[in-house]
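Visitor: predicted coordinates and the sequence they were generated for:
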Amino acid sequence: MPFNTIPAEDFLNRVNELDYLRGLSVLKGNALGGNVFLEGARGIGKTELLKQLYRLLFWEDHVVPFYYSFKTANLKGTYFAKDYFTKFVRQYISFARKEPSLADSAAEPLQRLMPAISSLGLYWLIDCIEDFQEHVNKNDVYWQIVAAISAPVVAAQKSGKPVIVMLDDFDAAEHLYEASLGDAHGLISLFGESLKNNLCPHVMTGSAGALEAIFTDHSLIGMTEQMRLGPLPEDLATALFKAHLANLKITSAPDEPLQFLGILRGNPLYIRNLAKAAWKMQKRELHENDLIECYGFEVSEGETAFYWSSVFSRYVPSPAARKAMLKLLMYSVENGGIEDGDRLSMVSGLSGAETGAILETMASAGFIRDRDPVFQDFIHCLYMKEVEGRKADDAREKIESKYSSKREESCFELVIPMSSNAELVVAKAVEQIGRNMNLDSEFLNHLQLALIEVCINAMEHSGSYEKKVFLKFITRPDNLRIIIENSGRPFSLDSRTDVPVEEKLRLGVKRGWGFKLVNAIMDGVKIERVNDRTRVILTKEIKNKEALT
Amino acid sequence: MKSVQFKVVSRLDGDAAVIYPKGYLNNLSGESLVLECGMYIGKGITKIVVNFGETDLINSIGISLLLQIIEDLKNIKGTICFTNMSKFLRDTFEMLGLMQHMTVFPLESDALQYLKAGTV
């Protein structure tokens, strides 16, 4: 439904892209441009951009817009051909008569449109319809598809007016089939001729990395440029959210900056869904805490969860594969990636080949690439529900508590070289962090010592070629967590034996005090191996006596 | 933590050497402390006072080098005293169970008096 779109004034920050696409037919006519593959994270507004372009061109008169979505298309050849062809004819007449309702009226059979076509003098279109019907009568699937796909080209050639073809979720066309799924590979290549025609620029959307996979003819890749849609800037994202709220008669507390919106990373779909969640939860005035509450609902059982769940089902229809993918994605969320190839079969519970196929699907679907926090939270919720068998309410609470506590959290990151006295830079940093937390100086000296010990341990024993130590300080009013990472030789506390002091002195063993100190100073010392890195996690609970009052 | 460049200053007080390590006591600075003590030992001095009044931070390598000095003195039947330790330093040695193996005085003068008289 090309006219099912948001008002132009609420469509923010896409003026340049819209202008470029609007002039695409002129560029292609002059052999200066060709087709465009729109790329961007899911929900970033690719479909909306196509629909806005459609609406814009519809009311102008020099290019005919045609929009087709593969998202909901039936991919069986005969159904697809009929659907594609009928939609084109309907949208063409709708454009010619400037009657938007014609484009959206799916129920109207083509025969009923014949008088309208005649009155417009589009006799070539009548020929076109008759030709198509002949292929249908002969039950010739191949020619039905060709005729449908060629219809915009024929129209452009007969009328002399370019047709811009917008193919939403075009990569799905790779799965077109004749009678049963997978029986006819490569039907997508039938779009090749249409794509080459200089009167028909194409604008396609699809998942990242799909372009090379769907075009076997490399000349098509050469004449197709990629356009990446980025997120909305922070201020515009907030403005859009507030505009949605205003439409839903919800106000936001004037003195609250709604910082939590940052997690949506300027994604218009998430922004809209969150505003709708506030409306569903009957919020009248929105505060930061309400946002977290609405977000918890959204990623566990709201529209965002439903959206991602549908995308999931599209890529992994079988329940076993879905569960395995979920486990792999959860593993990826927890470990910041899935580089550790050897363990993945253990994680998925499937064979290496099956796991490999799932990983391939995950990569082509772009599930891992974007590191989208909303998607990661959705995965967490889905994992809790489908793998751990927990209720949606539990998942929601988990997300809410995660962000409620994060609000009071600060995070600092630091990278030091493995060079002499570099650990003093860390000591200085933790001193200032501690002052920000109002910690007393003696307590801070001990923290400094613990950190110095972990750093010099990394410097002395890792044998790292990278020669860097990465530190992350996460502070909360009642807790300090420090994560220290370095590449190189694995390190483990298990290999250390605790020799009594007297014995050490008697034997003249003078080294090996470092982790004894660290353990004495910190409340928690955890050592992990993540890929080729050693990760030491130090935690310290802040008690009253350690904080200045 | 002060940003003091490590240095070792020392003086003789009768038959005892008093050493003042200043700043961050780590491997490099610890070695210069060992050298300074070694210099006095080489001159036949067997009584050493280490005044930690201006030592603001120490690491485990610095601690191991202090143990080296204690052992060196023990080998020549000498005496080493530690004074003016901050609470942080005392706690650090306590954590490692080393305090009971060190002769510690609150003030440098107490240590010197002990070394002269053999008692406080």
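Guide: Now that the structure is in, tell me what you want to look at.
Visitor: C-alpha only now, for contacts and for neighbours.
Guide: Noted.
Visitor: tell me the spacing between A:Phe306 and A:Arg272.
Guide: Per Cα to Cα, to the nearest Å, A:Phe306 is found 14 Å from A:Arg272.
Visitor: quick one, which of these two is more surrounded?
Guide: Here A:Phe306 and A:Arg272 are compared on neighbour count by other Cα atoms under 10 Å in any protein chain shown; more neighbours surround A:Arg272, at 19 against 15.
Visitor: average model confidence for the helix or strand where that one lies?
Guide: For A:Arg272, the enclosing helix or strand under DSSP states H and E is helix A:268-280. For helix A:268-280, mean pLDDT is 93.
Visitor: may I have the strands that pair with the following helix or strand past that helix, each with its orientation?
Guide: Going down the chain from helix A:268-280, the next helix or strand is strand A:285-286, by DSSP H and E. Its sheet considered, strand A:285-286 pairs with strand A:251-252 (parallel) by DSSP bridges.
Visitor: need the residues of chain B near chain A, please.
Guide: B:1, B:57-61, B:64-65, B:67-68, B:87-88, B:92, B:95-98 (Cα under 8 Å from any Cα of the partner chain).
Visitor: 7 Å instead?
Guide: Within chain B, the positions lying close to chain A (Cα under 7 Å from any Cα of the partner chain) are B:Asn59, B:Ser60, B:Ile61, B:Ser64, B:Leu67, B:Phe88, B:Met95, B:Leu96, B:Gly97.
Visitor: contacts only, for residue 83.
Guide: Chain wasn't specified; assuming chain A. Neighbouring residues of A:Asp83 by Cα atoms under 7 Å, 6 or more residues apart in numbering or on different chains: there are none.
Visitor: I was after chain B.
Guide: By Cα under 7 Å, 6+ apart, the neighbours of B:Thr83 are B:Val50, B:Asn51, B:Phe52, B:Val104, B:Phe105, B:Pro106, B:Leu107, B:Glu108.
Visitor: and the furthest pair within these?
Guide: B:Val50 and B:Pro106 (11.6 Å; Cα to Cα).
Visitor: comparing these two, which residue is more hemmed in?
Guide: Remark: of B:Val50 and B:Pro106, B:Val50 carries more neighbours, 23 against 13, as counted by other Cα under 10 Å.
Visitor: helix, strand or coil: sort out the more buried one for me.
Guide: Classification of B:Val50 using DSSP: H, G, I helix; E, B strand; the rest coil returns strand.
Visitor: relative to chain A, how far out is the most centrally placed residue in chain B?
Guide: Closest residue to the average C-alpha location of chain B: B:Val50 at 2.9 Å, with Cα atoms, centre = their mean. Per Cα to the nearest Cα, to the nearest Å, B:Val50 is found 19 Å from chain A.
Visitor: which residues of chain B score low on pLDDT?
Guide: Per-residue confidence for chain B (pLDDT under 70) gives these ranges: B:1-5, B:118-120.
Visitor: how about it: which residue is closest to chain A?
Guide: B:Ser64 (4.8 Å; Cα to the nearest Cα).
Visitor: mind listing what's buried in the strand or helix carrying that residue?
Guide: Taking DSSP H and E as the definition, one finds B:Ser64 inside helix B:60-75. When burial is assessed from 16 or more other Cα atoms under 10 Å in any protein chain shown, helix B:60-75 yields the following buried residues: B:60-73.
Visitor: and that helix, what other elements does it pack with?
Guide: Packing contacts for helix B:60-75, counted by 3 or more Cα pairs under 7 Å, 6 or more residues apart in numbering or on different chains; DSSP states H and E, involve helix B:27-42, strand B:79-83.
Visitor: report the two of the residues of chain B next to chain A separated the most.
Guide: B:Leu67 and B:Phe88 (18.1 Å).
Visitor: all helices for the stretch 251-400 of chain A, in order.
Guide: A:268-280, A:288-301, A:303-315, A:319-335, A:344-348, A:352-365, A:373-386, A:392-406 (DSSP state H, counting those that start in this stretch).
Visitor: pick out the shakiest of these, pLDDT-wise.
Guide: Here the lowest mean pLDDT among the helices of the stretch 251-400 of chain A goes to helix A:344-348, at a mean of 73.
Visitor: now do the lengthiest strand in chain B: everything it contacts.
Guide: Assignment by DSSP state E gives strand B:16-25 as the longest strand of chain B. Here strand B:16-25 makes contact (Cα under 7 Å, 6+ apart) with B:4-12, B:45, B:47-52, B:54-59, B:62.
Visitor: pull the distance from it to the chain's centre.
Guide: 6 Å (Cα atoms, centre = their mean, to the nearest Å).
Visitor: do the same with stretch A:164-175
Guide: 19 Å.
Visitor: and if you look at stretch A:385-402?
Guide: Distance, centroid of stretch A:385-402 to centroid of chain: 21 Å (Cα atoms, centre = their mean).
Visitor: list the buried residues of it.
Guide: Result for stretch A:385-402 [16+ other Cα under 10 Å]: buried residues A:Lys385, A:Glu386, A:Ala392, A:Ala395, A:Arg396, A:Lys398, A:Ile399, A:Glu400.
Visitor: check stretch A:74-94 too.
Guide: Neighbour-count burial for stretch A:74-94 [16+ other Cα under 10 Å]: A:75-94.
Visitor: now it: mean pLDDT?
Guide: Stretch A:74-94 comes out at a mean pLDDT of 89.
Visitor: now stretch A:231-251
Guide: 90.
Visitor: any residues touching that stretch, and which ones?
Guide: A:10, A:13, A:44, A:265-267, A:271-272, A:275, A:279, A:283-286.
Visitor: who wins for most neighbours among those residues?
Guide: In terms of neighbours by other Cα under 10 Å, the contacts of stretch A:231-251 top out with A:Ala275 at 27 neighbours.
Visitor: from A:Lys249, how far out is that one?
Guide: With Cα to Cα as the criterion, A:Ala275 and A:Lys249 are 11 Å apart.
Visitor: in the stretch 201-350 of chain A, what residue lies closest to chain B?
Guide: Counting by Cα to the nearest Cα, the stretch 201-350 of chain A gets nearest chain B through A:Asn335, at 31.9 Å.
Visitor: how many residues are close by that residue?
Guide: 13.
Visitor: what of A:Tyr465?
Guide: Neighbours of A:Tyr465 under the rule other Cα under 10 Å: 9.
Visitor: distance from the chain centre to stretch A:241-254, please.
Guide: 25 Å.
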